[in-house]
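1. Coordinates for the following, if possible.
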Amino acid sequence: MEAQATATVKEALAALYHHSDDAVRTAADRWLQQFQHTLDAWQVADSLLHDESSNLETLIFCSQTLRSKVQSDFEELPSEAFRRLQDSLYELLKKFSKGPPKVRTQICIAMAALAVHVPVEDWGGGGIVNWLSDEMKSQPEFIPSFLELLIVLPQESSSHKIAARPERRRQFENDLSSSAEVALSLLTACLGIDQLKEQVLEGFSSWLRFCHGISASTLATHPLVYTALSSLNSEQFLEAAVNVTSELIHFTVSREASGITEQFPLIQLLIPYVMGLKEQLKDSSRDEDDVKAIARLLADMGDSYVELIATGSDDAMQIVNALLEVTSHPEFDISSMTFNFWHHLTLNLTDRGSHASYGSEASIEAERNRRLQIFHHPFEILVFLVSSQVEYPELYHTFSEEDQRDFRHTRYAVSDVLVDATDVLGGDPTLKILFTRLIQSCGNCAGQNQKWQPVEAALFCIQAVAKSVSVDEKEILPQVMSLLPTFPHQEQLLQTVCSLIGEFSKWIDAAPSELPILPPLVDILNKGMRTSEDTAAAASVAFKYICEDCRRKFSGSLDGLFQIYQIAVSGVGGYKVSSEDSLHLVEALSVVITALPPDHANRALELICQPVINPLQEIIQQGETVLQQVPVRQLTVHIDRLSCIFRNVKLPEIVAEAVNRYWPILKSIFDHRAWDTRTMESLCRSCKFAVRTCGRFMGVTIGAILTEIQTLYQQHNQSCFLYLSSEVIKIFGPDPACAGYLASLIQVLFGHTVQLLRVIQDFTARPDIADDCFLLSSRCIRYCPDLFVPTEMFPRLVDCAMAGITIQHREACKSILNFLSDVFDLAKSPEGEKYRELIKTIILQRGATLARIMIASLTGALPSGRLEEVSYVLVSLSRAFGGNMLNWARECITLIPPQALTDSERSRFLNIISDASSGSSLASLTDRFAEISDVCRRNKTVEDIVQSALRPHDSTFTVAPAPQPL
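-> Modelled structure (predicted):
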């Protein structure tokens, strides 16, 4: 059997790497991946690795297979197989000591994974590190292999590819910490071999995470530290030395229990060495990767020691100056490495909590002001430096889409830095610095061959800090606004000008009436809407902000606003506003209408609706056939604008009149396009906003809408009808006057839904219906429990939820789980006292199966990303049904075989359930549930065992897909 499998593996590898037919190669790859999951893979991979005739392709595949098996499937082996596996890996480690490197690395990872699985006492020799020490001393010719294994050990300790129980993983990490001094002594011994120096530094970097027991003063005099720091000036070892130094910096700030003062011996050693690299940033002869490594180290030092730097000492300011040098680097990839530092420094300087140790409020404020004053000048320099990094390149138009996206991200990052600077300097002083750059740019671009890029960059920075500038700023912004009409209408420049106008809308509203600011700015926005789609998008958003904040200034200019609106939504007249961006203009006019007197508002609302309603009416008047065949977009573009109007005109009575007036048109679309999901979603969204805005002013119209959707839902199964109903329940649910038609709504919608969703396959096929159905169910519990909980529909919804819990669709699953937790919480709450016995009866009848499904969900039937929601349902169920839940859990957990879950792990799980019922915090319970979940998901074999044991015979549900093998 083994010989046949070995031959088949060789044939498959030959086909994979050498066959000319793609289909044959694909089939071979698929077979090899499946083979890796078999028991035979252990013996075949091991045998071929020991076979001297195996070629490189075979060795690489078999080493990867053996590594994967040890990581994921170690529990497949009988306990007596461990020693043979350990011996075999040891022989392979020595065999491949001189290569191939890829094979040797896989063997090292396999041995490290084996050490994670196996306790120290079973490994022998005092654990793997002490064992390595003995081997390195007795067989020095194999030191390269042993050293690589020593390097890999700490790196693999946190690998989630290793299917170890969390408790065993923690013990292994403790073992590594206990062995750290031995590991460092081995690394030190290897320093004598010149060709291993880089690997030694890599190993030291890996092991520092486990050096908790070694003091900073001891490390400060350690030969490995000296080697690393002295190697910072070596081109050959710079990268490795930077990695070690970075880990040393992290080491000094990760030991909070011992206090920062105890780390000073090491900190005081590190900083001068790192600062000594500053001059190399300017060395044009240095390789770019070296400069990046140095910049990264300086930024890492600044970010790690930000609290010390924030004190503003002379030494701290030297570090700040060095970081300004990094920020000034012309390469954004390098300069941006400091951005996190500037952000964290800003938080430290401005957060009063950072100065709490100074005692009284007066002392805290005095210290805060002292520090802000010290850092004022560096932040002024920072603003000047980063504002030069957003200028459009000359050849921007030739950039690929990806490069253009990267440039936009650069500008966003600089915007964030500028906003941070305003927290330290203040918005108005920052504006003054940026205005200086704008004036310089205007001066430099005077004449015929003027460049627009510097002006645009300065304006971009000014609009980035707009929200930090005071609305009563009188010195700079009037000058800025007066300059805007003078700039050329180059596309990117015009786009930024339009954005700037929108960002300063609140300042424009507060500007003195004697300053004729608004008319020329509206002219600019008009030009923006005519120039290109990008400028039109910026102008539309700006127009919305202007109308929101300056609505009262437009009360006498409605004719002009309506003209702009008519041109934009009609698509004629030269505007280049897309249908999506036109919604900003609809919203702009809607908020202006809200500020009008009622009689004017009524007429204005009619005017804004006409360009939306008229095209719909024309389509309807052409007959039923045309309405059914017209492209979706010709309907939804107008319905979406109507939604925007209903959402933003905050005049309930007036909007309600409009909804009633236009209902016949909307009803025609409901009746003849109910099969069309996109149109129905758009129409239901419009009705939702009408309900939200108008509330009880909807009158008879709401009844007509509900009658319509009840009928159409049963015919066409559109989930958006459920979504619209959720909004209706939220608004009208608490109103006793609405109880009659809401009860009918609930009965009809839920009655039809439970017929659609019977088994998990139905949920998978209709996730939107599942999502919206249980969102509606939760709304009923919250807003009108009397109309829902006492009805025969309630237990049917609980049954339906149980059938669909394990749906893989994220939103649908969350809605179902939230519904169940709402049910349990209602039973426990004072408000739900009158339903308590009813809910208790319903859940007790289903509790054993429900608990089983939920425990299956926790342990693999649902993705681990649902852990929080699953945990909350289990906690809610435990708190509402304490002793019963404990019994149900005990019955479920005993079904899981011992190879998947030990007796102590079962007890631990039952303790979590018990603690949940007694009121332990949700956060701690979720963490403990997560550990049990990890145990049951540690590899595919265990997960399959657990799910097979827990799957109820009377309920079919899917299992979360396992990760693909590497």
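
2. Against Gln761, how distant is the residue positioned nearest the centre of the chain?
-> For the chain, the residue nearest the mean C-alpha position is Gly865 (12.1 Å; Cα atoms, centre = their mean). Distance of Gly865 to Gln761, computed by Cβ to Cβ, to the nearest Å: 22 Å. In this view, the C-beta of every residue, glycine as well, is placed from N, C-alpha and C.

3. Next: Gly192.
-> Distance from Gly192 to Gln761, by Cβ to Cβ: 67 Å.

4. Check which element follows the lowest-mean-pLDDT helix or strand in the chain along the chain.
-> Every helix and strand of the chain was ranked by mean pLDDT, DSSP states H and E. The lowest is helix 558-570, at a mean of 83. Per DSSP states H and E, the first helix or strand lying C-terminal to helix 558-570 is helix 579-594.

5. Give me the pLDDT for the closest residue to Trp131 other than its chain neighbours.
-> Sequence neighbours aside, Gly125 is the residue nearest to Trp131 in space, at 3.7 Å (criterion: Cβ to Cβ, 6 or more residues apart in numbering). Gly125 is assigned 78 on the pLDDT scale.

6. Could you do Phe237 as well?
-> Phe237 is assigned 92 on the pLDDT scale.

7. Tell me, how many residues neighbour it?
-> Applying other Cβ atoms under 10 Å, we find 19 residues neighbouring Phe237.

8. ok, now Ile508?
-> 21.

9. Confirm for me that Leu596 is in contact with Ala604.
-> Yes - counting by Cβ atoms under 8 Å, Leu596 touches Ala604, with 5.8 Å between them.

10. Setting aside sequence neighbours, what's the nearest residue to Glu235?
-> Leaving out its chain neighbours, the residue that sits closest to Glu235 by Cβ to Cβ, 6+ apart is Asp290, at 6.7 Å.

11. Give me the mean pLDDT for the helix or strand where the one you found lies.
-> Asp290 belongs to helix 288-304 when assigned by DSSP H and E. Averaging pLDDT along helix 288-304 gives 94.

12. Give me the contacts around it.
-> Residues outside helix 288-304 that contact it (Cβ atoms under 8 Å, 6 or more residues apart in numbering): 235, 238-239, 242, 245-246, 249-250, 252-253, 270-271, 274, 277-278, 280-281, 283, 309, 319-320, 322-323, 326, 329, 331, 333-334, 337-338, 340-341, 344-345.

13. Would you tell me what the next helix or strand after it is?
-> With DSSP H and E, the next secondary element past helix 288-304 is helix 306-309.

14. Buried residues, that following helix. List them.
-> Neighbour-count burial for helix 306-309 flags 306, 308-309 (criterion: 16 or more other Cβ atoms under 10 Å).

15. mind giving me JSON lines with those and columns for distance to Phe384?
-> Below are the buried residues of helix 306-309 laid out as JSON lines (distance: Cβ to Cβ, whole Å):
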{"residue": "Val306", "distance to Phe384": "22"}
{"residue": "Leu308", "distance to Phe384": "26"}
{"residue": "Ile309", "distance to Phe384": "20"}
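
16. And for Thr679, the neighbour number?
-> Around Thr679 there are 23 residues (other Cβ under 10 Å).

17. If I follow the layout properly, it ends up in contact with Ile669?
-> Yes - between Thr679 and Ile669 there is a contact at 6.7 Å, judged by Cβ under 8 Å.

18. List the contacts of Ala466.
-> Counted by Cβ under 8 Å, 6+ apart, Ala466 has contacts 500, 503-504, 507.

19. for this structure, what are the low-confidence residue spans?
-> Applying pLDDT under 70 to the chain flags the ranges 1, 255-259, 444-449, 514, 555-557, 952-966.

20. tell me the residue furthest from the middle of it?
-> Quick read of the chain (Cα atoms, centre = their mean): farthest out is Ser138, 50.7 Å.

21. how far away is that one from Val242?
-> Ser138 is 35 Å from Val242, by Cβ to Cβ.

22. thinking again about what came up before, three-state assignment of the residue nearest to Trp131?
-> coil (DSSP: H, G, I helix; E, B strand; the rest coil).

23. Show the residue spans covered by the helices in the stretch 751-900 of the chain.
-> Secondary structure of the stretch 751-900 of the chain (DSSP state H, counting those that start in this stretch): helices at 760-765, 767-783, 793-804, 810-828, 836-856, 867-880, 882-893.

24. Next, the buried residues of the shortest one.
-> Along helix 760-765, the positions that meet the burial threshold by neighbour count (16+ other Cβ under 10 Å) are 760, 762-764.

25. Give me the helices and strands touching that helix, please.
-> helix 793-804 (3 or more Cβ pairs under 8 Å, 6 or more residues apart in numbering; DSSP states H and E).

26. Run through who's touching the helix it packs on.
-> Residues outside helix 793-804 that contact it (Cβ under 8 Å, 6+ apart): 746-747, 750-751, 753-754, 757-760, 762-763, 770, 773-774, 777, 788, 812-813, 816, 819-820, 823, 842-843, 846, 849-850, 853, 955, 957.

27. for stretch 316-332, same thing?
-> Identification of contacts with stretch 316-332 by Cβ under 8 Å, 6+ apart yields 271, 275, 278, 281-282, 288, 291, 295, 298-299, 301-302, 305, 308-310, 334-335, 337-338, 341-342, 374-375, 378, 381-382, 385-386, 389, 410.

28. Select only the buried ones of those residues in ChimeraX?
-> Filtering the contacts of stretch 316-332 down to the buried ones (16+ other Cβ under 10 Å) takes a single ChimeraX command:
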select :271,275,278,281,291,295,298,299,301,302,305,308,309,310,334,335,337,338,341,342,374,375,378,382,385,386,389,410
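
29. okay, now the residue nearest to Trp131: neighbour count?
-> Count around Gly125 with other Cβ under 10 Å applied: 13.

30. how much space between it and Ser179?
-> Distance from Gly125 to Ser179, counting by Cβ to Cβ: 11 Å.

31. Just the element for Glu367, please.
-> helix 361-374.

32. now for that helix, which elements pack on it?
-> In terms of contacts (3+ Cβ pairs under 8 Å, 6+ apart), helix 361-374 is packed against helix 339-350.

33. what's the angle from the helix it packs on to helix 361-374?
-> Using axes from the mean of the first three to the mean of the last three Cα atoms, to 10 degrees, the direction of helix 339-350 lies 140 degrees away from that of helix 361-374.

34. quick one: buried residues of helix 339-350?
-> 339, 341-346, 348-349.

35. circling back to that earlier point, now the contacts of helix 793-804: which count as buried?
-> Among these, those scoring as buried are 746-747, 750, 753-754, 757, 760, 762-763, 770, 773-774, 777, 788, 812-813, 816, 819-820, 823, 842-843, 849-850, 853, 955, 957 (criterion: 16+ other Cβ under 10 Å).
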